[in-house]
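[1] next come a sequence and a model predicted from it.
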Amino acid sequence: MEAIVYEEFGGADVLRHESEVALPVPGPGEVRVKTAAVGVNPVDWKRRYGWLELFYPTTFPAVPGLEFAGTVDAVGDGVTEYAVGDEVFGWSATGAYAEYAIADIVAPKPAGLSWEHAVGIPVAGETAQRVLDALGVREGETLLLHGAAGAVGSVAVQLAVAAGVTVIGTASERNHAFLRELGAIPVTYGDGLADRVRAAAPQGVDAVFDAAGHDTLPVSIELLGGETSRIVTIAATDADAHGVVFSGVRVADDLARRWLTEHARLAVEGRLRLDVAEVLPLKDGARAQEMSESGHTRGKIVLVP
């Protein structure tokens with residue numbers, strides 16, 4: 001089968017497009033999916049560098065990618081919930097940048113959801129929901145969200161706003177109109193951020209969700225008066241040095257599966273917007289990761305085998 005493979009940690013140049021990779025075989029309780037769309041996420045290139053071995057140990061040769069949408073192609077022993085031909089989306093146990101992937105956690109893909117939009121749900125939806133729940137943000141509170149225009153950030157904005165939370169979202173000025181459409185109050189990141197946040201939220205900030213990194217923690221701590229208990233980052237590698245929680249481990253399988261179904265329902269109902277930034281052929285996996293690493297892409301980068 002066609003797949004993107006790497007055999008050592010490093011830059012995007014370690015990624016190779018292979019056309020004769022062995023087809024994975026589903027074990028008991030597993031399904032194999034012929035992928036129709038593959039999601040690209042920052043976690044993919046961070047794993048490629050070897051930065052996330054604590055959370056995601058790598059066995060070489062490795063296929064990148066955590067999320068897919070596609071059609072069940074084969075089922076392992078004991079599988080009764082899904083059959084060949086079912087359209088599903090979810091998480092891969094074998095790497096998703098491939099024509100075929102063994103599913104880890106899946107849910108039925110609603111008929112009203114495109115492949116490209118379905119594949120934008122698993123990682124962004126689970127990460128956004130996990131961090132919001134960890135922060136315990138409640139109706140009437142104010143959340144500062146760094147990296148609000150990205151795939152995770154934009155989903156988190158919508159989930160928080162729907163819960164009655166005021167969201168101050170940091171982003172480049174070109175993404176401010178987009179954030180306003182999602183219901184956030186946009187502010188530009190960079191020097192003077194603390195003053196801009198105070199002006200946008202004179203009532204103060206109750207919690208901080210950092211989806212950007214890039215030295216956002218010191219200003220976040222300042223805005224919370226030195227407190228770190230309601231700051232969670234998914235991007236700052238120096239979180240420990242600041243006494244901040246780094247959230248990188250997916251929730252339990254049953255809960256992740258429930259969130260897949262719930263977030264898909266919201267998307268079909270038009271209550272969760274999932275923007276697609278670019279759709280590229282699978283062979284351009286290295287280019288897709290470079291685009292993600294640049295930090296200048298709004299919405300989801302999708303690969304199509």
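    Here it is on my side, so go on. These numbers come from a predicted model, not from an experiment.

[2] now the residue nearest the centre of the chain: which helix or strand?
    Nearest residue to the geometric centre of the chain (C-alpha atoms, centre = their mean): residue 124, 3.1 Å. According to DSSP states H and E, residue 124 maps onto helix 122-135.

[3] and the next element down the chain from that helix?
    Assigned by DSSP H and E, the successor of helix 122-135 is strand 142-146.

[4] isn't residue 280 up against residue 287?
    Yes - under the criterion of C-beta atoms under 8 Å, residue 280 makes contact with residue 287 at 6.6 Å. For the C-beta atoms, the positions are set from N, CA and C on the backbone; glycine is no exception.

[5] ok so, going back, and the angle for the helix holding residue 124 with strand 142-146?
    140 degrees (axes from the mean of the first three to the mean of the last three C-alpha atoms, to 10 degrees).

[6] which helices and strands does helix 122-135 pack with?
    Contacts defined by 3 or more C-beta pairs under 8 Å, 6 or more residues apart in numbering; DSSP states H and E place helix 122-135 against strand 87-92, helix 151-162, strand 207-210, strand 231-233, helix 253-268.

[7] got the contact list for it?
    The contact list for helix 122-135 (C-beta atoms under 8 Å, 6 or more residues apart in numbering) reads 39, 41, 43, 66-67, 89-91, 105, 143, 151-156, 159-160, 163, 207-209, 211, 230, 232, 234, 245, 247, 250-251, 256, 259-260, 263, 274, 300.

[8] and the buried ones among these, selectable in ChimeraX?
    In ChimeraX, a selection of the buried entries from those looks like this (16 or more other C-beta atoms under 10 Å):
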select :39,41,43,66,67,89,90,91,105,143,151,152,153,154,155,156,159,160,207,208,209,211,230,232,234,245,247,250,251,256,259,260,263,274,300
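
[9] residues in contact with the nearest residue to residue 87 once chain neighbours are set aside?
    For residue 87, ignoring the flanking residues on the chain, the nearest one in space by C-beta to C-beta, 6 or more residues apart in numbering is residue 109 at 4.4 Å. Residues counted as contacts of residue 109 (C-beta under 8 Å, 6+ apart) are 69, 87-89, 115, 118, 264.

[10] now swap in residue 32 and tell me
    24-26, 72-75, 100-103.

[11] pLDDT score for the residue nearest to residue 95 when sequence neighbours are not counted?
    Of all residues not flanking residue 95 in the chain, residue 63 sits nearest, at 2.7 Å (C-beta to C-beta, 6+ apart). As predicted, residue 63 sits at a pLDDT of 98.

[12] can you check the one 4 residues further on too?
    Confidence per residue is given as pLDDT, and for residue 67 that number is 97.

[13] burial count for residue 289?
    Residue 289 has 26 neighbours, counted by other C-beta atoms under 10 Å.

[14] and it, which of the three is it?
    Following DSSP: H, G, I helix; E, B strand; the rest coil, we place residue 289 in the helix state.

[15] wait, isn't it in contact with residue 40?
    Yes - under the criterion of C-beta under 8 Å, residue 289 makes contact with residue 40 at 6.5 Å.

[16] what are the ranges of the helices in the stretch 1-150 of the chain?
    42-49, 115-118, 122-135 (DSSP state H, counting those that start in this stretch).

[17] nice, that's everything, thank you.
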